[in-house]
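>>> show me how the following folds:
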Amino acid sequence: MSKCKASLIGALMLVLTGTSAGAADFDDYRGSIKDDAYLEVSDHQRGWYLRGDIGGTFYDDYTMTDSNAAKFILEDIDDSFNFGAGIGYNLMRGFRVDFTLDYRTETDIFAQLDSATVPTNQFTGEMDALVGLANFYYDLDMGHRITPYVGVGVGFAALSMDGEDSDDSDTTFAWALMAGVDIDLRANWKLDIGYRYLNMGDASFGDSKIPGRSFEVEDLEAHELRVGLRYQLGCLRDCEPSYEPYK
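Here you go, the predicted model:
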């Protein structure tokens with residue numbers, strides 16, 4: 001297990017341990033659904049919000065190829081970190097949308113060809129990515145401070161390769177699937193702990209050492225664990241929550 005993955009999983013376990021201690025006190029803090037508390041809470045949470053997130057990116061299930069159809073016998077992409085921000089809007093009945101822009105830090109790439117006849121049978125470089133997504137979520141509001149959610153996103157990935165073997169970039173179509181939980185904090189703040197599956201498609205980078213040759217990464221997929229904060233800017237009309245504020 002890489003240091004990046006181990007440190008991130010450890011941080012998430014600490015957060016979850018701290019929040020689980022108060023889980024027994026969450027019952028009925030929003031009132032009973034039969035008393036129309038759910039609708040009042042949904043109205044209260046409508047409107048714009050800002051978000052910021054950090055996490056780890058773990059690349060998986062990718063394929064590296066060469067434009068000359070040479071076969072790679074070794075291929076590896078290291079894990080990296082990601083961070084970003086976005087703006088969103090809470091719709092009614094648990095639906096919300098947001099637009100996010102995230103940066104994935106540089107990660108080392110190594111590949112070795114199964115051919116001694118190629119002038120350079122190894123490819124190395126450092127790749128980073130800027131990913132923009134439009135996301136759509138559904139919050140499973142059950143009347144507690146902890147709210148599970150699922151989501152889907154579509155957008156783009158701007159990938160850059162830097163190193164002795166390549167100095168090139170490519171932009172691809174990206175899509176994502178998300179799942180996680182929101183935890184209500186004080187005032188308008190929410191803690192977001194989630195998982196994201198990110199698919200960045202196929203990218204091609206020119207080889208600096210051999211003219212006309214390109215290095216390609218196909219089906220570039222990543223699993224991401226993320227922790228973030230969301231700040232609710234307000235609601236559309238005069239609306240008060242039907243439960244006592246968290247103290």
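>>> excluding its backbone neighbours, what's nearest the residue nearest the centre of the chain?
Residue closest to the mean C-alpha point of the chain, counted by CA atoms, centre = their mean, is residue 196 at 4.8 Å. Spatial nearest neighbour of residue 196, chain neighbours left out: residue 224 (4.3 Å); criterion: CB to CB, 6 or more residues apart in numbering. (C-beta placed from N, C-alpha, C; glycine too.)
>>> circling back: what helix or strand is the residue nearest to the centre of the chain on?
Residue 196 is located in strand 189-199, with elements delineated by DSSP states H and E.
>>> contacts for the following helix or strand past that strand next, please.
Later in the chain than strand 189-199, the nearest helix or strand by DSSP H and E is strand 203-206. Contacts with strand 203-206, where a contact means CB atoms under 8 Å, 6 or more residues apart in numbering, come from 67, 125, 157, 159, 161, 166, 168-170, 172, 213-217, 220.
>>> now with 10 Å?
Residues from elsewhere that reach strand 203-206, judged by CB atoms under 10 Å, 6 or more residues apart in numbering: 62, 65, 67, 109, 123, 125, 127, 129, 157-163, 165-172, 212-218, 220.
>>> just to confirm, which helix or strand has the residue nearest to residue 196 in it?
Per DSSP H and E: strand 221-232 holds residue 224.
>>> just the buried ones from the contacts of strand 203-206, in PyMOL syntax?
Restricted to buried positions by 16 or more other CB atoms under 10 Å, the PyMOL selection for the contacts of strand 203-206 reads:
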select buried, resi 62+65+109+123+125+127+129+157+158+159+160+161+163+165+166+168+169+170+172+213+214+215+217+220
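>>> about what we covered before: off-centre distance for the strand holding residue 224?
A distance of 5 Å separates the centroid of the chain from that of strand 221-232, by CA atoms, centre = their mean, to the nearest Å.
>>> quick one: end-to-end length of stretch 51-67, please.
End-to-end distance of stretch 51-67 (CA to CA, to the nearest Å): 41 Å.
>>> helices of this structure, start to end?
3-20, 37-44 (DSSP state H).
>>> mean pLDDT for those: which is lowest?
Confidence, taken as mean pLDDT, is least for helix 37-44 of the helices of the chain (a mean of 42).
>>> look up how far residue 124 lies from residue 193.
35 Å (CB to CB, to the nearest Å).
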